[in-house]
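Asker: just to be clear, the model below is a prediction. Sequence and coordinates:
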Amino acid sequence: MKLDLLHQPDSAIAKITMAPQEELVAEAGAMVAMSPYMNVSTTLRQGKGGGILGGLKRMVAGESLFLSVFRSGNSDAELFLAPKLMGDILPYQLKGTELVVQSTGYMASTPQVDIDLGFQGFKSLFSGESLFWLSMSGSGVVLLSAFGAIYEIDVAGEYVVDTGHIVAFEKTLDFSISKANPSWIGSFLGGEGLVCRFRGQGKVFCQTHNPGAFGQLVGSKLPPR
Amino acid sequence: MFLGTYAFLSILATRGDSVKSEIRYKPAFATLFITLKPGEKLVAEAGAMASMAGQLSMKTEFFGGLLPGLMKSFFGGESLFVNVFSNASQQPQELVLTQASIGDIVRIEINGNEMCFQPGAYIAHTPGVKVELQWAGFASWFAGEGLFKLKMGGKGVVFCGAYGGLSEVRVQDELIVDNGHLVAYEPKIRMNIKLSGGLIGSVTSGEGFVNRVSGRGKIYLQSRSVDGLVRFLRPKLRG
């Protein structure tokens, strides 16, 4: 499998050249073009955590994820994938470490990557971003997508990221969702609501722009549906 | 002599009020990467912080005090609150600021000169900058641009952003500008907002309000306007 990223960073698109009998998993709706003999099927991943509480949590978080599986079959095949929003794509190589991806930041992954819908507890609901996290493990490549450019921070110590700007982070980092401000009132009035506070050693991938903020900028001027 | 040089440098540092900044991912996704030296402060629009070092502290304040803050919010189209970032540690610390819209960001040095900003353009300023409200007139209010404009004076640095690219245009005498594309201007430039060509002509041409600016000075124009995007999207939402 060969990966080329075109039109970075503002309108990135991934061109994937697949050898026979290869497979790629992608977010439903990401396909732009593909070879005609490509075999496509859809799977639905459901979050782990059984029981009434687990089910309730999943409902509240809207946790389910449609994924398309592309199989090249008996010959070489080509596949173009792109996210919905303007922005960059970043390939991440999984090597034993786990990667936590914000659901909107996931675009595609190779078949040896295990995708788990992780739920980080009720605290993440209060951020208003309906944070829901995918936990990536195993080995292979994950393609991340972002609204805007992606910048990488090597955390050594403590680092704070607004919840609307997180694309993914390495599981070696300890993370807690907290208020950006010492006081609750200041935190909400200050517009920063909740932030993620990362501790330890590892990488955080941030997007330069916040899709929610842009949506509000434009959406507030549109008539109600 | 060494001490003398040090004293001189520290005077420069306090008087300069110039924050270290780098604007990356220009022009589509311009983002501000700021390095705050120990003891340094920066004031930013509510919600502008994308990420920051854990050692930085953030405090929410009214934009220039309660009453002026309310005025700026209601009449200047800016948010009522700002966040003050300060570095109480001993090392330089990184702060990443951005804007809601995609587009360019410029750094404007304020040193005796003044600059007025359209609603939404302001992102951040250093504490030496004085923020005032300038009367913009009823025509501006009708054009949806607020009764007052933010006016920045004093000494320091202001960062402002735009939807699309930012062009600095020098007005020599007179220039007609679509109001949705105007981002910032020097206050010595006079604004004269009008319907572009009578009531019916304005509606049908889609130009809406034009601004006949006159005088000598700098203005900043954005290459796209949010209103233009909204006008494009609105008919597509029906049905």
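Answerer: Done, it's in.
Asker: C-alpha from now on. contacts and neighbour counts both.
Answerer: OK.
Asker: ok, which stretches of chain B are helices?
Answerer: Ranges of helices in chain B, per DSSP state H, are B:2-16, B:66-75, B:138-142, B:198-205, B:226-237.
Asker: buried residues of the shortest one, list them for me.
Answerer: When you say that, I think you mean helix B:138-142. Under the neighbour-count criterion of 16 or more other Cα atoms under 10 Å in any protein chain shown, helix B:138-142 has B:139-140 buried.
Asker: do stretch B:153-168 as well
Answerer: Result for stretch B:153-168 [16+ other Cα under 10 Å]: buried residues B:153, B:155-166.
Asker: may I have the beta-bridge partners of the closest residue to B:Glu132 other than its chain neighbours?
Answerer: Leaving out its chain neighbours, the residue that sits closest to B:Glu132 by Cα to Cα, 6 or more residues apart in numbering or on different chains is B:Lys151, at 5.0 Å. Beta-bridge pairing of B:Lys151, defined through DSSP bridges, involves B:Cys116, B:Glu132.
Asker: how much space between B:Lys41 and B:Arg238?
Answerer: Distance, B:Lys41 to B:Arg238, by Cα to Cα, to the nearest Å: 47 Å.
Asker: next one: A:Thr43
Answerer: A:Thr43 is 32 Å from B:Arg238, where distance means Cα to Cα.
Asker: where does pLDDT dip in the chain?
Answerer: This is for chain A. For chain A, the stretches with pLDDT under 70 are A:45-64, A:118-131, A:180-193, A:225.
Asker: hmm, I had chain B in mind actually
Answerer: Applying pLDDT under 70 to chain B picks out residues B:1-17, B:64-80, B:142-146, B:196-208, B:239.
Asker: up against chain A, what does it have?
Answerer: B:25, B:28-29, B:31, B:46-55, B:58-61, B:81-83, B:98-102, B:226, B:229-230, B:233-234, B:237-238 (Cα under 8 Å from any Cα of the partner chain).
Asker: what's the separation between B:Ala162 and chain A?
Answerer: 12 Å (Cα to the nearest Cα, to the nearest Å).
Asker: in contact with that residue, which residues are there?
Answerer: Going by Cα atoms under 8 Å, 6 or more residues apart in numbering or on different chains, B:Ala162 touches B:101-105, B:121, B:183, B:222.
Asker: hmm, 7 Å instead?
Answerer: B:103-105, B:121, B:183, B:222 (Cα atoms under 7 Å, 6 or more residues apart in numbering or on different chains).
Asker: among the residues you listed, which ones are in strands?
Answerer: Using DSSP state E, the members of the contacts of B:Ala162 that fall in strands are B:105, B:183, B:222.
Asker: excluding chain neighbours, give the residue nearest to the first one in space.
Answerer: Read it as B:Ile105. Of all residues not flanking B:Ile105 in the chain, B:Gly161 sits nearest, at 4.2 Å (Cα to Cα, 6+ apart).
Asker: now stretch A:66-86: buried residues?
Answerer: Buried, per 16+ other Cα under 10 Å, within stretch A:66-86: A:67-73, A:76-83, A:86.
Asker: which of the residues you listed fall in strands?
Answerer: Using DSSP E, the buried residues of stretch A:66-86 in strands are A:67-71, A:77-81.
Asker: which single one of the residues you listed is nearest to B:Asn87?
Answerer: For those, the residue nearest B:Asn87 by Cα to Cα is A:Leu81; the value is 42.4 Å.
Asker: list just the nearest of the ones in strands among the buried residues of stretch A:66-86 to A:Asp10.
Answerer: Among those, and counting by Cα to Cα, the member closest to A:Asp10 is A:Leu81, at 14.7 Å.
Asker: hang on, isn't that closest one packed against A:Ala12?
Answerer: No - assessed by Cα atoms under 7 Å, A:Leu81 is found out of contact with A:Ala12, at 9.2 Å.
Asker: what residue is smack in the middle of chain A?
Answerer: Geometric centre of chain A, nearest residue: A:Gly105, 2.2 Å, by Cα atoms, centre = their mean.
Asker: that one and A:Ala146 touch, don't they?
Answerer: Yes - counting by Cα under 7 Å, A:Gly105 touches A:Ala146, with 5.8 Å between them.
Asker: overlap of the contact sets of the two?
Answerer: A:Val167.
Asker: measure the closest residue in space to B:Asn83 that isn't next to it in sequence to B:Ala44 for me?
Answerer: Leaving aside its chain neighbours, B:Asn83 sits nearest to B:Thr60 (4.5 Å; criterion: Cα to Cα, 6+ apart). Between B:Thr60 and B:Ala44 the computed distance is 10 Å (Cα to Cα).
Asker: spit out the residues that contact these two alike.
Answerer: Residues touching both B:Thr60 and B:Ala44 by Cα under 7 Å, 6+ apart: B:82-84.
Asker: just those residues: which are in strands?
Answerer: B:82-84.
Asker: so which of those is the most crowded?
Answerer: Within these, most neighbours by other Cα atoms under 10 Å in any protein chain shown means B:Asn83, with 28 neighbours.
Asker: my read: it touches B:Ala48, true?
Answerer: No - using Cα under 7 Å, B:Asn83 is not in contact with B:Ala48, being 8.7 Å away.
Asker: ok so, going back, so which of the contacts of B:Ala162 comes closest to chain A?
Answerer: Nearest to chain A among the contacts of B:Ala162, counting by Cα to the nearest Cα, is B:Gly103 at 9.8 Å.
Asker: tell me the bridge partners for the closest one.
Answerer: Beta-bridge partners recorded for B:Gly103 (DSSP bridges): B:Phe29, B:Gly164.
Asker: that one and A:Pro9: what is the separation?
Answerer: Distance of B:Gly103 to A:Pro9, given as Cα to Cα: 13 Å.
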